[in-house]
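Student: Sequence below, structure please.
(2 chains)
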Amino acid sequence: NAGVTQTPKFQVLKTGQSMTLQCAQDMNHNSMYWYRQDPGMGLRLIYYSASEGTTDKGEVPNGYNVSRLNKREFSLRLESAAPSQTSVYFCASTRYRGADYGYTFGSGTRLTVV
Amino acid sequence: RKEVEQDPGPFNVPEGATVAFNCTYSNSASQSFFWYRQDCRKEPKLLMSVYSSGNEDGRFTAQLNRASQYISLLIRDSKLSDSATYLCVVNIGNQFYFGTGTSLTVIP
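Tutor: Numbering: from 1, shown residues only, chains lettered A, B, ... in the order given. Below is the predicted model:
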């Protein structure tokens, strides 16, 4: 039972390069989320998908796009990476939006933009 | 103002001690409450949900005070393996809001 799988685990990009972070869950969860975690800032929501076919902006969406490819997969794209996007990115899922179930997180992607 | 505020610590306690963390939230419409644990360079993992009546899971006790808008986590008989960062999480509608975490180190 894999849970939430993120790829890649590590990535170094040059400023201006693009990349897509992949996330897949095998728990039949409806809602999926992308967070970034920076020292002293805690986890901040980038985008979320409450259910298949919908996506919404979170607290810090600028510079990112997302795609909910199907119920299992939710990808995050950086079109033109900037050093300010250096962070640890976590994907998470939950069965129902806003329900009393909490999240399951992926193991994270450590991204450095130079 | 942040949705969720926590004392970042660090808390350094000896093995066997009892330690308590508090967290305050700003939105009275908050619906669900959780404590997560995050080990260094790992993903957060759900420790426990927090219910209005208070709830216990082994050595861990969580309390919610809606009137004062704070939640707490009590750890009894601390173990070395309890060393981690503890994140307070509040759910409002579709979104979950995380505190910045409280660092705990349990010392032999």
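
Student: For the rest of this, base every contact and every neighbour count on C-alpha atoms.
Tutor: Noted.

Student: Report the contact partners of the single nearest residue of chain A relative to chain B.
Tutor: Closest to chain B within chain A is residue A:42: 4.0 Å, counting by Cα to the nearest Cα. Applying Cα atoms under 8 Å, 6 or more residues apart in numbering or on different chains, we find residue A:42 in contact with B:98, B:99, B:100, B:101.

Student: Report the beta-bridge partners for it.
Tutor: residue A:38 (DSSP bridges).

Student: and the gap between it and residue B:65?
Tutor: Per Cα to Cα, to the nearest Å, residue A:42 is found 23 Å from residue B:65.

Student: just residue A:69 next, same as before
Tutor: 40 Å.

Student: Which helix or strand contains the residue in chain B positioned nearest to chain A?
Tutor: In chain B, the residue that lies nearest chain A is residue B:100 (4.0 Å; Cα to the nearest Cα). Counting by DSSP states H and E, no helix or strand carries residue B:100.

Student: Leaving out chain neighbours, which residue sits closest to it?
Tutor: residue A:42 (4.0 Å; Cα to Cα, 6 or more residues apart in numbering or on different chains).

Student: which residue is nearest the middle of chain A?
Tutor: Among the residues of chain A, residue A:34 comes closest to the average C-alpha position under Cα atoms, centre = their mean, at 2.7 Å.

Student: Could I get the contacting residues of that residue?
Tutor: A:45, A:46, A:47, A:48, A:76, A:89, A:90, A:91, A:92.

Student: For residue A:95, see how far away the residue nearest to residue B:100 is.
Tutor: Counting by Cα to Cα, the gap from residue A:42 to residue A:95 is 23 Å.

Student: Pull out the buried positions in whichever helix or strand the residue nearest to the centre of chain A is part of.
Tutor: In the assignment (DSSP H and E), residue A:34 maps to strand A:31-38. Along strand A:31-38, these residues count as buried under the neighbour rule (16 or more other Cα atoms under 10 Å in any protein chain shown): A:31, A:32, A:33, A:34, A:35, A:36, A:37.

Student: and the first one, how far is that from residue B:38?
Tutor: Read that as residue A:31. 21 Å.

Student: now the third one
Tutor: Using Cα to Cα, we find residue A:33 at a distance of 18 Å from residue B:38.

Student: Over to the fourth one?
Tutor: Separation of residue A:34 from residue B:38 (Cα to Cα): 17 Å.

Student: what's the answer for the fifth one, then?
Tutor: When distance is defined by Cα to Cα, residue A:35 is 14 Å away from residue B:38.

Student: what's the weakest-modelled helix or strand in chain B?
Tutor: Across the helices and strands of chain B, mean confidence by mean pLDDT, DSSP states H and E is lowest for strand B:95-98: a mean of 86.
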